[in-house]
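K.L.:
fold the following and give me the result.
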Amino acid sequence: MTLHTLGVRVDHGRSGAWTAAIGILTVLAGCAAAAPAISPPRPIIIHSGARLRVDHERMTAVNEWVTREQENIIEDPSFMVATPMAIDDVYIWDGLEIEGDTVTSPVNASAMDSRLVHEIYAHLHIMVDMGRQDEWLPEAPEAVDYELERAILERVSDAWLLGRTVFDVSPYGPLDELMYANEAGFLDAFVFTARPSEFALARTEWARANPGETDRYRDWFLQTFNRDPPGLR
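P.N.:
The predicted structure follows:
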C-alpha cells in the first residue's frame, strides 16, 4: 500500500495539545482526568449483518486504561506522538515510525474518529522502545516480535471496540476489520495475511499448528465484509 500524507503534524507528548478534529472521541479526551462511569455498550452491526455485543464490565476496564494512556500521551513530556493526515485508508501499522523521542502514525483525514486509536498504537510502541513495556503492557511484559505486536493489537482492537460500542464513533474499515477478526478468534490469520513480509517464524509455526485456518479465515472475512481480506486483494 502506498501511503500519501498531507504533511500535517500534531505533537501531543510535549505540547499537551488535543485537537478538536478528533471528532466524537473528544468525549473520551474530555473525561481523561476522572475516567467516569460509562454508558452500557450497545450492540453494533455492519452492512453484512455481522453483530458484536460486549459486556459493560469489560468495556469499563478498557475505558480505564484508555483514559490512562490518553493522559500520558497528553501530559508526558518525554516523547511526542505525531499523527500526519493521510488521504487513503490506513491500517494501524501503516507508516508507523519511531525516531528519537517521536513516534509517527498516519491517520486518514476523512476518518478522524480513528485518531485516538492510532495514538494508542503509537504510544504502546514508543513505550516499548523507551523500556516501559511492563508499565503499559502488564499482560505481556517480556513479549517480543510477534507476541509483542499481537498484545498491542489486542489492546488497539479493544480501544476501537470501546469507541464503537460506548461512544458511538463512526465505522472505519481498517479498524472494524481488526476488531471483528479479534472478536471472532481470527487475529493471527488477519495479521499474517495482511502483513505477509513480517513475522516469518511465528507465521510458520502458526501455519503448522493450524492447518486450513487461512482458508477458514478468508471464508469468514468474505462473509463478514463482502470482500477479500487485506493481503489478498
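K.L.:
for this protein, what are the low-confidence residue spans?
P.N.:
Residues of the chain that meet the criterion pLDDT under 70 lie in 1-36.
K.L.:
can you give me the strands in it?
P.N.:
44-45, 51-52, 80-82, 85-86, 97-99, 102-104, 107-108 (DSSP state E).
K.L.:
nearest to A189, of those?
P.N.:
Closest to A189 of the strands of the chain is strand 51-52 (C-beta to C-beta; 17.9 Å). Quick note: C-beta positions are derived from backbone N, CA and C, even for glycine.
K.L.:
so which elements touch the longest helix seen in the chain?
P.N.:
Using DSSP state H, we find that the single longest helix of the chain is helix 145-166. Packing contacts for helix 145-166, counted by 3 or more C-beta pairs under 8 Å, 6 or more residues apart in numbering; DSSP states H and E, involve strand 51-52, helix 56-75, helix 115-129, helix 173-183, helix 187-194, helix 200-209.
K.L.:
for Y91, find the nearest of the ones you listed.
P.N.:
Evaluated over those, closeness to Y91 peaks at helix 173-183, with 4.6 Å, by C-beta to C-beta.
K.L.:
contacts for that closest one next, please.
P.N.:
Where contact means C-beta atoms under 8 Å, 6 or more residues apart in numbering, the residues beyond helix 173-183 that reach it are 46, 50, 52, 89-92, 114, 117, 153-154, 156-157, 160-161, 164, 187, 189-190, 217, 221, 224-225, 229-230.
K.L.:
mind giving me the domain split of this structure?
P.N.:
20-170, 184-233 (automatic domain parsing).
K.L.:
picking that back up, and the longest helix of the chain, what's buried?
P.N.:
146, 148-166 (16 or more other C-beta atoms under 10 Å).
K.L.:
quick one on the thing from earlier: a markdown table please, covering the domains of the chain and showing distance to E177.
P.N.:
Formatted as a markdown table, the domains of the chain follow (distance: least, C-beta to C-beta, whole Å):
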| stretch | distance to E177 |
| --- | --- |
| domain 20-170 | 8 |
| domain 184-233 | 7 |
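K.L.:
deepest of the ones you listed, which one?
P.N.:
domain 20-170 (a mean of 18; mean count of other C-beta atoms under 10 Å).
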